[in-house]
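S.K.: From the sequence below, what's the structure:
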Amino acid sequence: MKVCIVGGVAGGATAAARLRRLSEDCEIIIFERTAHVSYANCGLPYYIGGEIEDKDELTLHTPDSFKDWFSIDVRTNSEVTAVYPETKIIEVKNLKDGSVYTESYDKLILSPGAKAALPNAFELDCQNIFTVRTVEDALSIRSFIEEKMIESAVIIGGGFIGLETAENLVRAGVKTTIILRGKQVMPSLDFDMASGLHKYLRDMGVSILFNESLEGFAEEGGHLLVHLKDREPLTSDMVILAVGVVPDTKLAEIAGLDLGLKGSILVNDFLQTSNPDIYAVGDAVAVRNRVSGKSALISLAGPANRQGRWAADNIMGRMRPYRGSAAVSVMKLFEMTAASAGLNEKACKEAGIRFDKVIVHAQSHASYYPGAKSMTLKVLFAPADGRILGAQAVGFDGVDKRIDVLATAIQAGLSAADLEELDLAYAPPYSSAKDPVNLAGYVIENVRQGLVVQFHHDMIPKIAEMEDVVFLDVRTPAEYAAGHIKGALNLPFFELRSRIGELDSSKRYFINCQSGFRSYMACRILKEHGLICSHLSGGYQFYSYVYCGNCYSPDACMCVKGE
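M.R.: Presented below is the predicted three-dimensional model:
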């Protein structure tokens, strides 16, 4: 059997290696249009900033190592320009000398990846404007920074690549501004969870401009002018376009293959295209979201690797269905970590899935052991059965561990009650006897069983308009004075039992504390005394992240800030 593979990196290179391990007789050829067949795409921003010093560290395999290890023919600087399924022929252009030749195949794997999405304003062919998709891109950017002594940069976009590049530019001493079309960075997170990142980025020296409309670029005196609607242009030494990626499906179109979501290559459960002898993997294909069951574009290295392995297995007759991806991701942002798995609120709404949510603040390990750091978990669940639908986490330590546990729970279809029972490793330097994942299960089950009623930050303006309601703040007077919800009555938790007679049983009480624990306890006390109450999910700490630090909607912000 002869298998041709278009594209290397995660999907294509993995498929090739797996094919060889399954068969010594198979003829395997990889065609890669760049000079690098297998490289650490996710490591590119860290080379730009110098954290990865040697460019060779980005290369996982070379054509020679593929030949030595796997007896695989790798042809770099070779672009497949056409596919003819009826004759099982591909057309290849040698990018070094311009020559064109054809190659036959028995099976074909398309792993063309995705290409950088360019904003409408991108019309200027300028050496100061870059994208970050290939090793060549990273080499060019770092060389440009070092040779030109770059002092300032503008990044268009705030996804993984944009944020990681911003961090590394700042570490390299470059004044960096991020420009966003929307109101948040990292779209895999909900806005409220991203809000904490906004303040942290600014604290670390990154400027962020939200809700901006990019109109174009102009060169002036060796610098770039970045034109934005209704704002003076920004002057910068360089611009990096990181507005996202789109599936590279030109070959699939030429071959007449069926396309799906946003022009991606349509594949079945066995990663076959509409032509059964052509398979497709990686960023160019749409796969099933493991939680919603809907078609989704999930441009992540882990799923691409697995798809490559599965495609190879299926070509060799092992027939393994690819069940999709839960879109699990994690990102380092200076000293902070942000991660997500499964569905966020927007995805739940688009899929028509009913959900509720809890916000949990927890320590990375036992608070009495030195070095414990706070983290925030947001977990979405199905109210009917408590099934975990999605999770997001932001913090400075232990975030990756918790998101992996929650990702496993999501893919296994576990419920909040299952989270309560999870037996997780504990020692003071690593966790608490009540791990944050267990704690999330406890909180969800308290809500589902009616032991407490919660309200969320975005409900506060509407609640304030209701009659016979009281916002009750059970924090200490000092905490209250530092900042509180407008109109809230301060009754410290440790005085609540002795002063409960001061509360009016005809009123409804909406209670907050700093993190949500004291307000939950206060609600239990009030409920036992026959009062109607709800507590603020995530507490004032979370509320202040979302509103006091951003205030995109001044009418919705009810913060009274202390001195």
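S.K.: Need the phi and psi values for the most centrally placed residue in the chain.
M.R.: In the chain, the residue lying closest to the centroid (Cα atoms, centre = their mean) is residue 188, at 4.2 Å. Geometry field for residue 188 lists phi and psi as phi -70, psi -20, criterion degrees, to the nearest 10.
S.K.: what's the distance between it and residue 410?
M.R.: Using Cβ to Cβ, to the nearest Å, one gets 14 Å for the distance from residue 188 to residue 410. All C-beta spots, glycine's among them, are computed from the backbone N, C-alpha and C.
S.K.: now residue 313
M.R.: Going from residue 313 to residue 410 by Cβ to Cβ gives 24 Å.
S.K.: same question, residue 469
M.R.: 36 Å.
S.K.: Between these two, point out the one with more neighbours.
M.R.: residue 410 (25 against 16; other Cβ atoms under 10 Å).
S.K.: who's in contact with the more buried one?
M.R.: 290-291, 326, 341-342, 388-391 (Cβ atoms under 8 Å, 6 or more residues apart in numbering).
S.K.: ok, now with 10 Å
M.R.: 290-291, 326-328, 341-343, 379-380, 387-391, 403 (Cβ atoms under 10 Å, 6 or more residues apart in numbering).
S.K.: That one in helix, strand or coil?
M.R.: For residue 410, the secondary structure call by DSSP: H, G, I helix; E, B strand; the rest coil comes out as helix.
S.K.: Which residue comes closest to it once chain neighbours are left out?
M.R.: Distances taken as Cβ to Cβ, 6 or more residues apart in numbering place residue 342 nearest to residue 410, at 4.3 Å, with adjacent residues excluded.
S.K.: and that neighbour, how many neighbours?
M.R.: 26.
S.K.: With residue 352 instead?
M.R.: Around residue 352 there are 8 residues (other Cβ under 10 Å).
S.K.: which stretches of this structure aren't confidently modelled?
M.R.: 120-125, 548-563 (pLDDT under 70).
S.K.: sorry, back to before: which residues are in contact with each of residue 188 and residue 410?
M.R.: Common neighbours of residue 188 and residue 410 (Cβ under 10 Å, 6+ apart) are 327-328, 341, 390.
S.K.: Please indicate which of those are buried?
M.R.: The neighbour-count criterion (16 or more other Cβ atoms under 10 Å) marks 327-328, 341, 390 among the shared contacts of residue 188 and residue 410 as buried.
S.K.: Which of the helices or strands spans the closest residue to residue 301 other than its chain neighbours?
M.R.: Distances taken as Cβ to Cβ, 6+ apart place residue 10 nearest to residue 301, at 4.9 Å, with adjacent residues excluded. Element membership for residue 10, per DSSP states H and E: helix 9-22.
S.K.: ok, and what's touching whichever helix or strand comes after that helix?
M.R.: Counting by DSSP H and E, the element after helix 9-22 in chain order, helix or strand, is strand 27-31. Strand 27-31 is contacted from outside by 1-8, 12-13, 15-17, 19-20, 37-38, 63, 66, 70-80, 90, 92-93, 103, 105-106, 109, 111, 312, using Cβ under 10 Å, 6+ apart.
S.K.: Recalculate using a threshold of 7 Å.
M.R.: 2-6, 8, 12, 16, 19-20, 37, 72-75, 78, 80, 92, 103 (Cβ atoms under 7 Å, 6 or more residues apart in numbering).
S.K.: The nearest residue to residue 513 once chain neighbours are set aside: neighbour count?
M.R.: Ranked by Cβ to Cβ, 6+ apart and with sequence neighbours excluded, the top spatial neighbour of residue 513 is residue 519, at 4.2 Å. Close neighbours of residue 519, defined as other Cβ under 10 Å, add up to 30.
S.K.: Mind exporting the C-alpha coordinates of the helix or strand residue 519 falls within to CSV?
M.R.: Assessed by DSSP H and E, residue 519 sits inside helix 517-528. Provided in CSV are the C-alpha atoms of helix 517-528 (Å, rounded to 0.1, in the frame of the first residue of the first chain):
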residue,chain,number,x,y,z
PHE,A,517,-18.5,30.6,51.7
ARG,A,518,-19.7,32.9,54.5
SER,A,519,-22.8,33.9,52.4
TYR,A,520,-23.7,30.2,52.0
MET,A,521,-23.4,29.7,55.7
ALA,A,522,-25.4,32.8,56.3
CYS,A,523,-28.1,31.6,54.0
ARG,A,524,-28.3,28.3,55.8
ILE,A,525,-28.8,30.2,59.1
LEU,A,526,-31.5,32.5,57.7
LYS,A,527,-33.3,29.7,56.0
GLU,A,528,-33.4,27.8,59.3
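S.K.: Against which helices or strands is it packed?
M.R.: Contact analysis of helix 517-528 by 3 or more Cβ pairs under 7 Å, 6 or more residues apart in numbering; DSSP states H and E lists helix 493-499, strand 508-512, strand 532-536 as its packing neighbours.
S.K.: Next, the buried residues of that helix.
M.R.: For helix 517-528, by 16+ other Cβ under 10 Å, it's 517-523, 525-527.
S.K.: what secondary structure does the residue lying farthest from the centre of the chain sit in?
M.R.: Distance from the C-alpha centroid of the chain peaks at residue 501, with 48.4 Å (Cα atoms, centre = their mean). What three-state DSSP gives for residue 501 is helix.
S.K.: again, but for residue 153
M.R.: Assignment for residue 153 (three-state DSSP): strand.
S.K.: And residue 349, by the same measure?
M.R.: Classification of residue 349 by three-state DSSP places it in helix.
S.K.: burial count for it?
M.R.: 12.
S.K.: How much space separates it from residue 190?
M.R.: Distance from residue 349 to residue 190, by Cβ to Cβ: 11 Å.
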